[in-house]
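Chemist: give me a 3D structure for the following:
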Amino acid sequence: PKAPFPNPQTFEPLEPFRCGSILGYCMLPMCLLAALVLFLPGGLVTGAVAAALVLWCASKATGQFMRCLPHAEGKRMVVAYPCFTLYTLYALLSVY
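Modeler: The predicted structure follows:
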């Protein structure tokens, strides 16, 4: 059985279902963006909304990953970059 308080010095890999759950949960604002794009005028307004939602999604996903990966302390930007890239691609698919 697992200890209730895992040792942060040990390496525990992130399970695929947890990784998918974090990315999917934090992608919910991208669904909102897909709906908003139908009603917002194109251009600067849509770009600003998309940028704000991408930053929110990436920051929340990064925070969740940092909580799940205590051995990744001090590597927040290394975790944030793939999250930011993923959510940016989904935003581009929604906007265009």
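Chemist: for stretch 27-39, buried residues please.
Modeler: In terms of neighbour count (16 or more other Cβ atoms under 10 Å), stretch 27-39 has its buried residues at 27, 29-30, 33, 36-37. Backbone N, C-alpha and C define where each C-beta goes, glycine included.
Chemist: could those residues go into a markdown table alongside pLDDT and distance to Ser21?
Modeler: Formatted as a markdown table, the buried residues of stretch 27-39 follow (pLDDT from 0 to 100; distance: Cβ to Cβ, whole Å):
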| residue | pLDDT | distance to Ser21 |
| --- | --- | --- |
| Met27 | 94 | 11 |
| Pro29 | 93 | 16 |
| Met30 | 94 | 15 |
| Leu33 | 93 | 20 |
| Leu36 | 91 | 24 |
| Val37 | 91 | 26 |
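Chemist: of these, which belong to helices?
Modeler: Using DSSP state H, the members of the buried residues of stretch 27-39 that fall in helices are 29-30, 33, 36.
Chemist: ok, so of the residues you listed, who is nearest Gly47?
Modeler: Top of the list for closeness to Gly47, among these and by Cβ to Cβ, is Leu33 at 11.0 Å.
Chemist: so what's that closest one up against?
Modeler: For Leu33, the contact set (Cβ atoms under 8 Å, 6 or more residues apart in numbering) comprises 49-50, 53, 91, 94-95.
Chemist: roughly how far apart are it and Val54?
Modeler: Using Cβ to Cβ, to the nearest Å, one obtains 9 Å as the distance from Leu33 to Val54.
Chemist: any shared contact partners between these two?
Modeler: Contact with both Leu33 and Val54 is made by residues Ala91, according to Cβ under 8 Å, 6+ apart.
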